[in-house]
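1. the following block contains a protein sequence and its predicted model.
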Number of protein chains: 4
Amino acid sequence: MKTLSRRVAAEFLGTMFLVMAVVGSGIMGERLAGGNIAIALLANTIATGAALVALILTFGPISGAHFNPAVTVADAIERGIAWREVPGFVFAQCAGGLAGTGVAHRMFELPWYSLSTHIRSGSAQVLSEFVAAFGLMSVIWGCSRLRSTAVPFAVGCYITAAYWFTASTSFANPAVTLARCLSNTFSGIRPADVLPFILAQLAGAITATLLFRWLSPNLPAKDVLVSHGSVLGKG
Amino acid sequence: MKTLSRRVAAEFLGTMFLVMAVVGSGIMGERLAGGNIAIALLANTIATGAALVALILTFGPISGAHFNPAVTVADAIERGIAWREVPGFVFAQCAGGLAGTGVAHRMFELPWYSLSTHIRSGSAQVLSEFVAAFGLMSVIWGCSRLRSTAVPFAVGCYITAAYWFTASTSFANPAVTLARCLSNTFSGIRPADVLPFILAQLAGAITATLLFRWLSPNLPAKDVLVSHGSVLGKG
Amino acid sequence: MKTLSRRVAAEFLGTMFLVMAVVGSGIMGERLAGGNIAIALLANTIATGAALVALILTFGPISGAHFNPAVTVADAIERGIAWREVPGFVFAQCAGGLAGTGVAHRMFELPWYSLSTHIRSGSAQVLSEFVAAFGLMSVIWGCSRLRSTAVPFAVGCYITAAYWFTASTSFANPAVTLARCLSNTFSGIRPADVLPFILAQLAGAITATLLFRWLSPNLPAKDVLVSHGSVLGKG
Amino acid sequence: MKTLSRRVAAEFLGTMFLVMAVVGSGIMGERLAGGNIAIALLANTIATGAALVALILTFGPISGAHFNPAVTVADAIERGIAWREVPGFVFAQCAGGLAGTGVAHRMFELPWYSLSTHIRSGSAQVLSEFVAAFGLMSVIWGCSRLRSTAVPFAVGCYITAAYWFTASTSFANPAVTLARCLSNTFSGIRPADVLPFILAQLAGAITATLLFRWLSPNLPAKDVLVSHGSVLGKG
């Protein structure tokens, strides 16, 4: 029943809503906060963290609720998803993210897309994204192997925290990063800064994956595969 | 034991408290926020999201905790509730919402009712309500079929996020929309803008329902019916 | 093993920490908020709601985590606790509340006790307390009969919301009301306003109890008694 | 499979991320809050509380997710962990904390370490730390003996509240206290104030441990030991 087309559709919808939450709440927060950036970011944080909980609970049983190419690649490395399914997932995530930016803009009466001029460059930003993705993937592996029903809450809480403890506000997601470079609003990122972000995210996610292979090897290979299917797939 | 009168009473009480939370916290937030609308909306958001979690946990086992004609109609489309029970549910929701507005006003020393002058018109607002209700119904179908105990948290988190990522602050509920047009306060809506909101909400909820019929058809028709009873009815 | 002395000690400790959370976070919030009352109340709200979740999870298995004479009386009406144990519970709650005020004051370098001058009078305030306690007791009965593990989260979320949707910031607790009249700080209440608050709280809690006897009579009398013991006592 | 080296690595990583969350969100909060300390502390609070939920869910199954020498010592007193393993745990926690400070600083383009000049002295501060650690350990013992899956949420909620109801913002953790004295930022503590904090934290944690030995002796000694292993070790 969980055909690839359904799983891909779930990844598209989930990533679309995730990006809508990030971009839309950034616009709303900045418009209402009267210049206090901390209040705008607080609204952005709460909306994103809460959206993640709701969306992972909603789409987790269908597709595993990756919404994130770095998670999909890490899952493939651990044989949780077949490599041949990765392109479909990543394409759906990127397309969903772009759709999310466009719909968010239309809800706030902005043009469909606009190139961001928000500079996010330098080694501290890249380090932040490495740390953010390393932590995200650690949370996913730590929870999904032994407490899978906690994944939605753990991921939502982690991103809520990481918005504030990383200097980059923790994008931690290549598809979302791509989608945000087409939004010249609060949560945007300059196109020139996208590639270093994505590379740092992939490096962080893969490093955490290899570390947790040693740290939490509780299941034999075959069970890991089944378990991932069940963890990320059925929650 | 769960007679229709009890279920209708639960819908009345739950929607009354939900509207009290929305309208009351809007009044309190605006009074205390010293002109910073983001802070007022943050208080409004937290109160509404938290109230939803508490109220769905409380009344879910009795009536399914719809509190929302769009949810009741969607549930009827999927045969989770009999069509002959829909009018009673919808009437209780609308009456409960109106009671909630009145009691909230009295707690804050305002007249029982006042027509709102808060303009919420235009295609961007209507699009926002379509998106908000589409997302809400997606969350409900996604969670209730496979992880029913998560519904209260998923819905509370979703609305918390949607307050910020839609331009309309996500009414997503015809009964609540009606109740809010009788409150000339922070969370009000001009009566003239009510109908487009309600139509967009119904369209969004029904679209999501049809989509999830394809996306998550995990249960045969008969089980779906039973499951809905158990999901929305007993949680 | 769960002797009365242990249960009474748990009620003392839990109510002490609850009042510390209310009074202490009120002081801290007001000191730091730079005159913006909404921000102070937001801090007060988050601290109180979060403390309730933690404290009910902690002491629920020992004493049922009432922390509230209105809840204890309502539980006795429904035979969840023996009437002969009520005085001990209520005394422990009141003593714990007073201890909480004193310790909170000492942590913030204030005198042990001070009479509040914070006026909270008038019918709108009394109505607010009736509504607040009615809702609190509804949440407890609604959750504890069928989803007891949800009680800590439901109560924490409910109070988080009720801080903002009632004009009185939802004391909803006679022992806490008493303790707060001895604190001339943000969360205080003038001694002259205590009695109407307590009467409204008791009326609200008892009304909800009688209503839920009809609304949610899912268990026969004997089971109700056992269930209450297990619900409020063992979670 | 849960060798000491894996458990020690989990304590290192978890404490590192916990301190990153505390220090990093303090820096970000202060930078963005425009001088309103309450807003900065609100961001700091939300990030820390959310990080705790995520990190305890993640590392709990591996090491028990102490992240805190006072918790490790208390657990050893109750024979939840062998005394011979305590030094390794405490060393990993302290080293992880120091790593967390350094990485947080680098993410925000600050020098690796800087001695804090933030004065936190006096008996009210010491009392605050005693209360904070007493409460934290009460929450852990109260939940872990009978509702172990609730520990991550209970601890996250408790610290969220304690940030505001204690005058010291509730360090409650010797390893974190040590790490914070090397950060001359929002969340720092002057080195001269570290020792009284740590002594008060240990006293509070041990007092709560002895109290709960009487208050919640639900399990015979041998089972307690096993249960702790399962509670703090496998969650």
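-> Looks like it arrived, so ask away. Here the structure is a predicted model, which is why all the values come from computation and not from measurement.

2. the closest residue to residue A:151 other than its chain neighbours: what secondary structure?
-> Excluding the flanking residues, the one nearest residue A:151 by Cβ to Cβ, 6 or more residues apart in numbering or on different chains is residue A:143, at 4.9 Å. C-beta coordinates here come from the backbone N, C-alpha and C atoms, glycine included. Reduced to three states with DSSP: H, G, I helix; E, B strand; the rest coil, the structure at residue A:143 is helix.

3. quick check, residue A:143 in contact with residue A:157.
-> No. Using Cβ atoms under 8 Å, residue A:143 is not in contact with residue A:157; the gap is 10.6 Å.

4. next, the residue in chain A sticking out farthest from the centre: phi, psi?
-> Residue farthest from the centre of chain A, counting by Cα atoms, centre = their mean, is residue A:34 at 28.5 Å. Listed backbone geometry of residue A:34 is phi 60, psi 30, with angles given as degrees, to the nearest 10.

5. for residue A:25, see how far away it is.
-> When Cβ to Cβ, to the nearest Å is the yardstick, residue A:34 and residue A:25 sit 16 Å from each other.

6. roughly how far does the closest residue to residue A:113 other than its chain neighbours sit from chain C?
-> By the measure of Cβ to Cβ, 6+ apart, the closest residue to residue A:113 outside its immediate chain neighbours is residue A:182, 4.4 Å from it. Note on residue A:182: its distance to chain C, by Cβ to the nearest Cβ, to the nearest Å, is 33 Å.

7. quick check: which element contains residue A:182?
-> Under the assignment given by DSSP states H and E, residue A:182 is not contained in any helix or strand.

8. give me the pLDDT for it.
-> For residue A:182, the pLDDT comes out at 98.

9. how about low-confidence regions in chain A?
-> By pLDDT under 70, the low-scoring segments of chain A are A:1, A:146, A:218-235.

10. and the residue of it nearest chain C?
-> residue A:39 (9.0 Å; Cβ to the nearest Cβ).

11. contacting residues around that residue?
-> Applying Cβ atoms under 8 Å, 6 or more residues apart in numbering or on different chains to residue A:39 gives the contacts A:29, A:33, B:36, B:38-39, B:42, D:39.

12. and chain C, is the lengthiest helix in chain A touching that?
-> If each helix of chain A is counted by residues according to DSSP state H, the longest one is helix A:4-32. No. Residues of helix A:4-32 contacting chain C under Cβ under 8 Å from any Cβ of the partner chain: none, with a closest distance of 13.0 Å.

13. what about the nearest residue to residue A:133 once chain neighbours are set aside, which helix or strand?
-> For residue A:133, ignoring the flanking residues on the chain, the nearest one in space by Cβ to Cβ, 6+ apart is residue A:204 at 3.2 Å. Here residue A:204, judged by DSSP H and E, is contained in helix A:194-215.

14. what is that helix packed up against?
-> The criterion is 3 or more Cβ pairs under 8 Å, 6 or more residues apart in numbering or on different chains; DSSP states H and E, and the helices and strands that helix A:194-215 contacts are helix A:69-77, helix A:123-146, helix A:174-180, helix D:4-32.

15. and the contacts of the first one?
-> Here helix A:69-77 makes contact (Cβ under 8 Å, 6+ apart) with A:64, A:66, A:81-83, A:86, A:89-90, A:93-94, A:133, A:136-137, A:140, A:172-175, A:201-202, A:204-206, A:208-209, A:228, A:232.
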